[in-house]
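> please find the sequence and the predicted model below.
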Amino acid sequence: MARTLVTVFRSWCPALDDAVASLPEDPDWPHELYILLAKNVPEGTGRFVMWTERDLPVGVAAFVQKSQGIWEPVTHWILPGLVGLAAPSRIGELFTQLPFCTRVAWWRMVEPVPSGGHVRHAATESTYGMSCSADFEAYWKETGQLRAVKKARDRCKNFTVSFNASGISTWVLQQSAKLWPAANSRGESTHLANRMLTARYLETLGKSLTIALLDSERLVAAEACIVHRQELILWTTFRNRDYDHHGLGNRLMELAYYWARDNGLKGIDIGGGFADYKHRWAPRASAKTRLLISPLIHYVGYRARRAMSSAWSKVTRNVEKLLAGVVAMGAIARGLQECGLESLVLTVLLA
């Protein structure tokens, strides 16, 4: 068997362009899109890996730096079924050889979850989905979700529903990013930029969907979806919390289901997490796995940084509690002084 050589580049270069051109193209995700995402990584924050055998490229992958010495593929939670470029039968094996600490989302992949090599941890959770040939309402009735669907349908009946309106994907991606503290962490600005780049690119291919709900002129909720292997993938959502009474999330979900069916797709994938809620919408369909891949020396460093960060967080929380107690005692003392009771309290304490 040929020896695999792993070469790491600090920036994208013509050698990587040539390598990509020689590799098989995913039927859903063009090489052009992958190269755009790779080149969108800011200078100094990316690593680009090429695997070769007998001087011929067998794989290419681009990564962006995150916090605590961690790297992630540029497609991380952006493009399902794609972590790098290689023959599907080789990509898992190649990733187990990565020479730096990497988080990888094994999501809608053709190949089984890789193991061995530099794989240090794997956490798997169920994902949920349904065939478009199924009886949606019969399933929702069985799980008790149909009542919520009908209630949301009624409460949102005066809202305007808009499909694939201009600017909606940008709005929902930006609004959703603001909800999470990670939006300000290292690498997250690149992640958001690449999601927006992907949304614009897929719009030109007709492989995306946005659903918006408007109260008169006011945009109150939206869902951004993408199409992968003839299934609609729920990608990103945002809703105005002032309208929670209307059941905006339930209304968007129902609209996505029927859009997928009406447009000839095979099914809908609503993802994982919030398992109890997701199961009310669809049965378990598959799974996704979060991998940590790292050479031992980098993994030891990663664990040490995690431990130090955890310890520092505990110290910080204890100091904050102590300071809060001091402030509270000061406020009590001032209150007693203003009431002329501080000498009485002191006498009682000393008695």
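Structure's in. What do you need? Residues are numbered from 1 along each chain as shown.
> going forward, measure contacts and count neighbours with C-alpha atoms only.
Fine.
> and the host helix or strand of residue 219, how far out from the chain's middle?
Assigned by DSSP states H and E, residue 219 belongs to strand 218-228. Remark: strand 218-228 is offset 15 Å from the chain centroid, using Cα atoms, centre = their mean, to the nearest Å.
> report all helices and strands that that strand contacts.
In terms of contacts (3 or more Cα pairs under 8 Å, 6 or more residues apart in numbering; DSSP states H and E), strand 218-228 is packed against helix 168-178, strand 208-215, strand 231-239, helix 248-262.
> in its sheet, which strands sit next to the shortest one, and in what direction?
Based on DSSP bridges, the strands next to strand 208-215 in the sheet, each with its direction, are strand 160-163 (antiparallel), strand 218-228 (antiparallel).
> deepest of these, which one?
Using mean count of other Cα atoms under 10 Å, the stretch among these with the greatest mean number of neighbours is strand 218-228 (a mean of 21).
> tell me what angle that one forms with helix 168-178.
Comparing the axes of strand 218-228 and helix 168-178 via axes from the mean of the first three to the mean of the last three Cα atoms, to 10 degrees yields an angle of 100 degrees.
> hang on, the earlier thing: out of the strands paired with strand 208-215, nearest to residue 109?
Distances from residue 109 to each of these were compared using Cα to Cα; the shortest belongs to strand 218-228, at 11.1 Å.
> scan this protein for its longest strand.
As far as residue count goes, and with DSSP state E defining each element, the longest strand of the chain is strand 119-131.
> which residues sit in contact with residue 50?
Contacts were defined as Cα atoms under 8 Å, 6 or more residues apart in numbering; by that measure residue 50 touches 6-8, 16, 19, 57-61.
> cool, residue 199 as well?
Residues in contact with residue 199 (Cα under 8 Å, 6+ apart) are 169-170, 208.
> do a quick rundown of the strands in this structure.
Ranges of strands within the chain are 4-9, 46-53, 56-65, 71-73, 85-86, 102-107, 119-131, 160-163, 208-215, 218-228, 231-239, 267-272, 284-293, based on DSSP E.
> adding mean pLDDT, write the ones you listed out as a markdown table.
Converted to a markdown table, those look like this (pLDDT from 0 to 100):
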| stretch | mean pLDDT |
| --- | --- |
| strand 4-9 | 98 |
| strand 46-53 | 98 |
| strand 56-65 | 97 |
| strand 71-73 | 97 |
| strand 85-86 | 98 |
| strand 102-107 | 97 |
| strand 119-131 | 98 |
| strand 160-163 | 98 |
| strand 208-215 | 98 |
| strand 218-228 | 98 |
| strand 231-239 | 97 |
| strand 267-272 | 98 |
| strand 284-293 | 98 |
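> burial count for the residue nearest to residue 50 when sequence neighbours are not counted?
Here the nearest residue to residue 50 in space, its sequence neighbours aside, is residue 60; by Cα to Cα, 6 or more residues apart in numbering that works out to 4.5 Å. The local packing of residue 60 (other Cα atoms under 10 Å) involves 24 other residues.
> correct me, but residue 60 touches residue 51?
Yes. If you go by Cα atoms under 8 Å, residue 60 and residue 51 touch, sitting 6.4 Å apart.
> residue ranges with poor pLDDT in the chain?
Segments of the chain classed as low confidence (criterion: pLDDT under 70) are 1, 180-187, 305-306, 309-310, 312-313, 315, 318-351.
> can you list the domain ranges for it.
By the record's domain assignment, the chain is partitioned as 4-117, 127-287 (automatic domain parsing).
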